[in-house]
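In: I'll drop the sequence and a predicted model, then ask my questions.
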Amino acid sequence: MSKRVTVVVAAVVGLVLLAALAVVGVRWWRDRDRTAFEQATSYAPADAARLSWTDWAAVRDRTGADLDATSSGDDVQSFLDKAFDVDLTSTSALVQSAPVLQAHFGFSPANVEWELFSQSTAGAVVILRLPDDDLDAVGDDLEDAGFKRPGTDDGVWIGGDSLLPEIGADLSPELQYVALDADRGLVLTSDRSDYLHDVVDGLGDDHLSDPVKSVVDASGEPLSAAVYDGDNACSALAMSQADADDQATADRLVEEAGTIDPMTAYALSVQPGGHVRAVMAFADGDQAKANAASRAVLAAGPAPGQGGDFSDRFSVASASAEGDLVTLDLVPRSGEYVFSDLASGPVLFATC
């Protein structure tokens, strides 16, 4: 090779390395002030209506679990039982599948850093962040399990509904198709290959609406969280899911409480200290101020559609309005599963 060719090759390699470093640098600059929760939700597809978040690293720390990709299925199940007891597993799409995942897929709640489960009327996807050294082996594990390797690094691994029962029992349909993003350390799974391909193509575009971003930001660094866009919150948590008598009781309580406006986004989360935080976004600051007062009243009273009183399950430590957001800080009573109870409707204080 001539000296001139050597210089040209070296220059090209140098440019490629600089370009790669530039991409890494831009990503670091963009993410440097983001929590893991914010980073994860930035990967959600544009059609996401509900996001379910589990910070598995924090959950393992909370329960004192010392696990990795080589831990036994029994150890993983024991960890999940402890996490269930402290109400930290209800948002995960992986719990039932965990022992088989641990044995055959190279990832499970034992080594995943975090999990984001995105759902919409168009499709669903599970997005997982793994340690870099664990992600390296996932492709080999998938191939050994029977998945068809894609022709490109960012392609979709094909499993399908006929493969999963061959691997093991109780695998979620959301594990039929898998994609790997080595640059971001992500594993993505879905029950539809076309939907998964579209999600991979849109990664990093930060599709979420401003109201959803605002309730995510206000949720801090939760161990577990459920996030809804406005339309989904006003249907999934609606009192219309209750029976007629409970709906009549709810109507009376809402009228007595005062102004209730539709939410533009909603997040419920388990905080590091154990409190449950509800964050509601509204059209403007005036609505937020009015709803902070009315929804605090509702959260301290009867719970039609769920039974009993909210005060039997938690106390309202604070209710505040800042900008267009309302935040309720709820302190669970001992032994109560406040987060999982309130993450689906009917929930009176989250009514629209």
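Out: Structure received. Numbers count the residues shown, from 1 in each chain.
In: now the strands: where do they sit in the stretch 251-352 of the chain?
Out: Assigned by DSSP state E, counting those that start in this stretch, the strands in the stretch 251-352 of the chain fall at 265-270, 276-281, 314-322, 325-332.
In: reformat those strands into CSV and put mean neighbour count next to each item.
Out: Backbone N, C-alpha and C define where each C-beta goes, glycine included. Below are the strands of the stretch 251-352 of the chain laid out as CSV (neighbours: other Cβ atoms under 10 Å):
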stretch, mean neighbour count
strand 265-270, 28
strand 276-281, 26
strand 314-322, 16
strand 325-332, 21
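In: now tabulate those in JSON lines and tack on distance to T259 and mean pLDDT.
Out: Below are the strands of the stretch 251-352 of the chain laid out as JSON lines (distance: least, Cβ to Cβ, whole Å; pLDDT from 0 to 100):
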{"stretch": "strand 265-270", "distance to T259": "17", "mean pLDDT": "98"}
{"stretch": "strand 276-281", "distance to T259": "13", "mean pLDDT": "98"}
{"stretch": "strand 314-322", "distance to T259": "12", "mean pLDDT": "97"}
{"stretch": "strand 325-332", "distance to T259": "12", "mean pLDDT": "98"}
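In: export these to a markdown table and tack on distance to A225?
Out: Output for the strands of the stretch 251-352 of the chain, formatted as a markdown table (distance: least, Cβ to Cβ, whole Å):
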| stretch | distance to A225 |
| --- | --- |
| strand 265-270 | 4 |
| strand 276-281 | 9 |
| strand 314-322 | 17 |
| strand 325-332 | 14 |
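In: where do the helices of the stretch 151-300 of the chain begin and end?
Out: 164-167, 193-201, 210-218, 230-236, 244-257, 285-299 (DSSP state H, counting those that start in this stretch).
In: nearest to A350, out of those?
Out: Nearest of these to A350, taken as Cβ to Cβ: helix 230-236 at 6.8 Å.
In: now for the closest one, which elements pack on it?
Out: strand 265-270 (3 or more Cβ pairs under 8 Å, 6 or more residues apart in numbering; DSSP states H and E).
In: the residue lying closest to D231 once chain neighbours are set aside: neighbouring residues, count only.
Out: Setting aside the residues directly before and after it, D231 is nearest to A49 in space (Cβ to Cβ, 6 or more residues apart in numbering), at 7.0 Å. The tally of other residues near A49 (other Cβ atoms under 10 Å) stands at 19.
In: what does A225 give?
Out: Residues within reach of A225, counting by other Cβ under 10 Å, total 30.
In: let's verify the most centrally placed residue in the chain: helix, strand, or coil?
Out: In the chain, the C-alpha closest to the average C-alpha coordinate belongs to W53, at a distance of 2.3 Å (Cα atoms, centre = their mean). Of the three states, W53 takes strand under DSSP: H, G, I helix; E, B strand; the rest coil.
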